[in-house]
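Undergrad: Coordinates for the following, if possible.
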Amino acid sequence: MPRRSKANLYDLITRIVHMYEKEKLSFKEIESVLRSEGYDISKASIYRAYRSYAEAAEDYKKIYEETKALIDTLKENPATDVIESISVILANRLFKFVKDIESMDFDDPHELISSVQKLAKTISQLQKTREEREKKAMEILQKGAEEGKVDAEIIRKIQELYGA
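TA: This next block holds a predicted model:
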């Protein structure tokens, strides 16, 4: 397991961000303030902690924007489609997060593995539900075509679209 940064070890991230962004202190000034309070932390460590925070904040912002765009796009679709899409995004993010096993800092890695398994199972169940719903819809349309209520050309186009 990698070493924790001193900023994380001392739980100073929030304070560093506040001093840098709100009080407009330089990293050198932040170092001086923290050293005067008895913390053994370097300017470089403070900078790395802030950079890590800024990268994480940017990632969260991107995730928020992607999720908002997805919800706006899918808001007219059935809930299972929305949940399936969000689950796939979560799975991708989770796999990206754990890609570098060296950076994992978990008290219980089994909990992470269990979460990944549950997410994969959820995605599989949602896909099955969607496929069953599409199959049932096609059966209803086929019956409507047999009764002359649905144009056969519409059925053909839907089959083309969904590969049914």
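
Undergrad: which residues in this protein form strands?
TA: For the chain, no strands are identified by DSSP state E.

Undergrad: domains for it, by residue range?
TA: Domain ranges of the chain: 1-59, 77-164, per automatic domain parsing.

Undergrad: For the first one, give the mean pLDDT please.
TA: Per-region confidence: domain 1-59 scores 84 on mean pLDDT.

Undergrad: All the helices of this structure, residue numbers only.
TA: All helices of the chain, identified by DSSP state H, fall at 6-9, 13-17, 27-36, 43-74, 79-98, 109-146, 152-162.

Undergrad: will you turn these into a markdown table that also has mean neighbour count?
TA: Glycine gets a C-beta too; all of them are placed from N, C-alpha and C. A markdown table is the format used below for these (neighbours: other Cβ atoms under 10 Å):
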| stretch | mean neighbour count |
| --- | --- |
| helix 6-9 | 17 |
| helix 13-17 | 17 |
| helix 27-36 | 16 |
| helix 43-74 | 13 |
| helix 79-98 | 15 |
| helix 109-146 | 13 |
| helix 152-162 | 12 |
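
Undergrad: follow-up on the earlier one: relative to T67, which of the domains of the chain is closest?
TA: For those, proximity to T67 was assessed by Cβ to Cβ; domain 77-164 is nearest, at 7.0 Å.

Undergrad: what's the spacing between the closest one and its chain's center?
TA: How far domain 77-164 lies from its chain's middle: 16 Å, per Cα atoms, centre = their mean, to the nearest Å.

Undergrad: Setting aside sequence neighbours, what's the nearest residue to Q127?
TA: E84 (6.5 Å; Cβ to Cβ, 6 or more residues apart in numbering).

Undergrad: Spit out the contact partners of that neighbour.
TA: I123, L126, Q127, R130 (Cβ atoms under 8 Å, 6 or more residues apart in numbering).

Undergrad: Would you reformat those residues as a markdown table and include distance to D151 and pLDDT?
TA: Listed next are those as a markdown table, based on distance: Cβ to Cβ, whole Å; pLDDT from 0 to 100:
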| residue | distance to D151 | pLDDT |
| --- | --- | --- |
| I123 | 35 | 81 |
| L126 | 31 | 82 |
| Q127 | 29 | 82 |
| R130 | 25 | 81 |
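
Undergrad: In TSV: those residues, plus distance to K157.
TA: Shown next, in TSV, are the contacts of E84 (distance: Cβ to Cβ, whole Å):
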residue	distance to K157
I123	28
L126	25
Q127	23
R130	19
